[in-house]
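*Asks:* Generate coordinates for the sequence data below:
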Amino acid sequence: MVKRILIDATNVNISIPGGGSYCTKAYIEALLALFPSQIDVLHPEQAHIRDVRYHTIDVPVRNRLQRILGVTKGQFHRGAPFLVNYIEKYPDRYHTVFISTGLYAGSMISKIQKMGIRVIVLHHNFEPEFRMDSKNILTLKGKTDTLVRYWERRGYREADINLFLTEQDRILFEKSYGSHPHNYVSGVFEPTMEHQELSLPTNNHSAVITCALGEIQNQAPLLRFAEHYLPVFEKTLPDWKIRLMGRTPSDTILDIAEKHDTILLIPNPEDIRALAAESAIYLCPMDAGGGLKLRIMDGLRAGQPILTHVRSARGYDALFQQPWFCIYEDTDSFRQGLEHIVRYINSKDYSRSQIQAQYYALFGLTAGIERLKAILCP
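*Replies:* Modelled structure (predicted):
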């Protein structure tokens, strides 16, 4: 019997749009391309995922008490201990287990390896940098930093291979948890071979911001943007607007839009990609969190010039020298970035098709498959 690869994709529901689901879906596609007919995938039961290309294992939801008690054991998601119990039933079926996030891997990785199975861990971000912004019951209102670090350290240190979305994440892990002989930056890439249809902007005097407008991690950066950077935007480009769009805007976001005429709020758009592509500039003001901000990929996929806070520029290092990719870290560099991009848009070099082409060359599914192939199939 040919042994198989088991992918734990219970960290997200890939049928629901979002950064984590997008990334997880992309890695499933890349692994399917490299190891066809050898893939099994654990999915949340309520996702009802069925794909003829691989075998699906449904993982039931835990009740609230199990979720809270699980945190104290390092079981931060439903995949643990389900994954270990499942493998114990089929000890000869798998040669590799692929787990998203070291935090989730930490409580079960040694048990899997004792069965002679290799473990690959994909780190979506540095969890202490990201998770503590979410003050929910699973983080005990933000008081589980010690636990998070302990279990993420184990997931990282004990993994056979660690994959990272950005070079900055790799550096953070090594500084915090020590070196590891098999650390690789594999990045994020498209989950499909299809290319987005390119269109020219129709809202030529607008920048666009897209994000989940109900998530607490996005509200504080948008508040800081409105306070410190919006006045600079209005002074630099007085005839321009900022189109803010995303799912389920919170009262905080509604209040920001009501106070500032420059911000045009577009809640719950049916086709956010097509609507966002109508703007001349893609703006990413997120100055917190970790990992790679996939929302910037939406702008690049549409061929839009990018202006992003330095924190959100992680993972896009290959684009730093491009005239259409500008980074800011204070109000002065924000103003300079705006002026630079407007000059670029008005120059003979402006080309949405070139931006899009370079994006797919670096972040297309083919590029992701090749990067993983070089790591996993040397």
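
*Asks:* Could you pull up the residues touching residue 117?
*Replies:* 87, 94-97 (Cβ atoms under 8 Å, 6 or more residues apart in numbering). Every C-beta, even on glycine, is put in place using the N, C-alpha and C of the backbone.

*Asks:* Then residue 128?
*Replies:* 145, 148-149, 152, 176.

*Asks:* Which ones among the contacts of residue 117 lie within strands?
*Replies:* 94-97 (DSSP state E).

*Asks:* closest to residue 38 among the contacts of residue 128?
*Replies:* residue 152 (28.4 Å; Cβ to Cβ).

*Asks:* Pull the number of nearby residues for that closest one.
*Replies:* 27 (other Cβ atoms under 10 Å).

*Asks:* That one and residue 7: what is the separation?
*Replies:* According to Cβ to Cβ, to the nearest Å, residue 152 stands 20 Å off from residue 7.

*Asks:* Check residue 84 too.
*Replies:* 15 Å.

*Asks:* between those two, who's got more neighbours?
*Replies:* Using other Cβ under 10 Å as the criterion, residue 84 and residue 7 rank with residue 7 on top: 25 against 18.

*Asks:* Surely that one touches residue 32?
*Replies:* No: under the criterion of Cβ atoms under 8 Å, residue 7 is not in contact with residue 32, lying 9.4 Å apart.

*Asks:* Give the residues shared as contacts by the two.
*Replies:* The contact sets of residue 7 and residue 32 overlap at residue 39 (Cβ under 8 Å, 6+ apart).

*Asks:* can you map out the helices along the stretch 51-200 of the chain?
*Replies:* 64-72, 79-89, 102-105, 109-113, 127-131, 145-158, 167-177 (DSSP state H, counting those that start in this stretch).

*Asks:* hang on, the earlier thing: buried ones among the contacts of residue 117?
*Replies:* Buried subset of the contacts of residue 117 (neighbour count, 16 or more other Cβ atoms under 10 Å): 87, 94, 96-97.

*Asks:* Of all pairs in these, which one is the farthest apart?
*Replies:* Spatial extent of the buried ones among the contacts of residue 117 (Cβ to Cβ) is set by the pair 87 and 96 at 11.3 Å.

*Asks:* got any residues that touch both of these two?
*Replies:* By Cβ under 8 Å, 6+ apart, the residues touching both residue 87 and residue 96 are 6, 117.

*Asks:* Tell me the gap between stretch 175-184 and the middle of its chain.
*Replies:* Averaging C-alpha positions (Cα atoms, centre = their mean, to the nearest Å) puts stretch 175-184 21 Å from its chain's average.

*Asks:* Over to stretch 333-349?
*Replies:* 27 Å.

*Asks:* Kindly report the same for stretch 220-229.
*Replies:* Stretch 220-229 sits 22 Å away from the centroid of its parent chain (Cα atoms, centre = their mean).

*Asks:* Span of it from start to end?
*Replies:* Start-to-end span of stretch 220-229 (Cα to Cα, to the nearest Å) is 13 Å.

*Asks:* Please identify the buried residues of that stretch?
*Replies:* Across stretch 220-229, burial judged by 16+ other Cβ under 10 Å covers 221-222, 224-226, 229.
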